[in-house]
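K.L.:
What follows is a predicted protein model with its sequence.
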Amino acid sequence: MNRQRILWFQDSAKLRTDPKDWGRLDVLTMRLVASAGHPEFEHVIVDLLSHLKVLENELRRRTFSSVIDLSGQMRSHLERMLPGTLVSDDLHLSRIRVVSSPRLDGIGHFVSLGSAQIREMRDRVDLSRPLFIDDVGWSGRTMIDAAGLLGASMQDSTFGFITANVGTFGIDKPGGARLLEEAGAEVVAGSAVQTPQDDGFHLLDFFDHPALGRREMFDTIIHLQDLRERLAICDEGSKKSIEREIKDVLLERREGLFPHSIDTQGMKVLQSEGRVIAQNGLNKNSFFDRNIPNWLMPSFSRRLSSEMLRRNRTEICDTIHELQQITRDKEASAETRRDFPAETFWPKRER
């Protein structure tokens, strides 16, 4: 039986790194995969350049009224690919998760622009034949929500990805590419992945966090991994107790693990401004954040070993620190988090 492929997407990390440091980024990526990638899976590092070239060739054969760069990192590349076409990178959508839940449940999207700014963008940007573009199209929901916010017709829109998912979720739920095509849109991509045979994670989300390089914070990650491994094999009677332990750790270490998290009342304020798309309402008495590190995600936890993390702790932390250093020159960390206004709800704290 073939092993499931785990794809490590370098796209966002490379787009935020000076090209002269890409060789070093490749070496560090291989080191991280070797020290943290569970050997039961086949690990594949997804190269950016070859796929970006394929995508560029596809886009050059088409004309668009405008380009909406949802990645926030491809504007210069897109302006070179499509000279004379307006490229807007103001709109970003980020997955929001309940960080006081042991499962870190996703509840919807955070929108970088408020309702008034969305209306201004609709007036300013020609959306008659738009291209929406992002790095990876996994479920397709981000694209659908973005098109809906701007009032763009799916039938007149093109959705581009460096990598698109052509597989399925569950028995018959379509992956991102097919979901968009079934809605009447055209999809172009530089490469394809297929769930459930493939699963994937952004390299950036393994290190773009202020506390991840610190040994004591990584010890918390190892502790949570221990608890999740116990949860995976325990009997029904023990599940609630272990889930409670996980929740307690998340809450006790919240300021370190989720320094930008906000509470339910803060989320309601953002929702009133049109900056939160919640699928089934907001959880009461909870905390929320976006861009959660992969180490904490239950989906990646199933591909980890606490014993391996413990054994390679020093090398992993050193690698994270070096990855942070080579991406910091472009002030990328501040740019990625600039549109989540946690300071609106809490005063800035000394670090």
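P.N.:
Good, I have the coordinates. Numbers count the residues shown, from 1 in each chain.
K.L.:
Go ahead and report the secondary structure state at residue 247.
P.N.:
Remark: residue 247 carries the secondary structure label helix [criterion: DSSP: H, G, I helix; E, B strand; the rest coil].
K.L.:
Isn't it up against residue 101?
P.N.:
Yes. Using CB atoms under 8 Å as the test, residue 247 is close enough to residue 101 to be in contact (6.9 Å). Where you see a C-beta, it was placed from the backbone N, CA and C, and this is true even at glycine.
K.L.:
ok, the two, which is more surrounded?
P.N.:
Comparing residue 247 with residue 101 by other CB atoms under 10 Å, the one with more neighbours is residue 101, at 18 against 15.
K.L.:
Could you check how far the more buried one is from residue 88?
P.N.:
Here residue 101 is placed at a distance of 34 Å from residue 88 (CB to CB, to the nearest Å).
K.L.:
helices or strands up against the lengthiest helix in the chain?
P.N.:
Determined from DSSP state H, the single longest helix within the chain is helix 215-233. On a contact count with 3 or more CB pairs under 8 Å, 6 or more residues apart in numbering; DSSP states H and E, helix 215-233 meets helix 236-252, helix 254-257, helix 298-301, helix 306-311, helix 313-328.
K.L.:
Let me know which of those helices is tucked in deepest.
P.N.:
Mean neighbours per residue, mean count of other CB atoms under 10 Å, is largest over those for helix 313-328, with a mean of 18.
K.L.:
What is the end-to-end distance of stretch 13-21?
P.N.:
From its first residue to its last, stretch 13-21 covers 11 Å (CA to CA, to the nearest Å).
K.L.:
Tell me the buried residues in it?
P.N.:
By neighbour count, and taking 16 or more other CB atoms under 10 Å as the criterion, the buried residues in stretch 13-21 are 13, 14, 15, 16, 17, 21.
K.L.:
The second one contacts residue 20, correct?
P.N.:
By that I understand residue 14. No. With the criterion set as CB under 8 Å, residue 14 and residue 20 do not qualify as a contacting pair; they are 11.8 Å apart.
K.L.:
okay, the most centrally placed residue in the chain: pLDDT?
P.N.:
With distances taken as CA atoms, centre = their mean, the chain has residue 291 as the residue nearest its mean C-alpha position (5.8 Å). For residue 291, the model assigns a pLDDT of 86.
K.L.:
try residue 351
P.N.:
26.
K.L.:
Switch the helices and strands packed on helix 215-233 over to JSON lines; also include distance to residue 4.
P.N.:
Formatted as JSON lines, the helices and strands packed on helix 215-233 follow (distance: least, CB to CB, whole Å):
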{"stretch": "helix 236-252", "distance to residue 4": "24"}
{"stretch": "helix 254-257", "distance to residue 4": "27"}
{"stretch": "helix 298-301", "distance to residue 4": "12"}
{"stretch": "helix 306-311", "distance to residue 4": "17"}
{"stretch": "helix 313-328", "distance to residue 4": "22"}
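K.L.:
And the most far-flung residue of the chain relative to its centre, how far from residue 250?
P.N.:
With CA atoms, centre = their mean as the measure, the chain has its most outlying C-alpha, relative to the mean C-alpha position, at residue 237: 34.0 Å. Distance, residue 237 to residue 250, using CB to CB: 22 Å.
K.L.:
What of residue 174?
P.N.:
Taking CB to CB, one finds residue 174 at 32 Å from residue 250.
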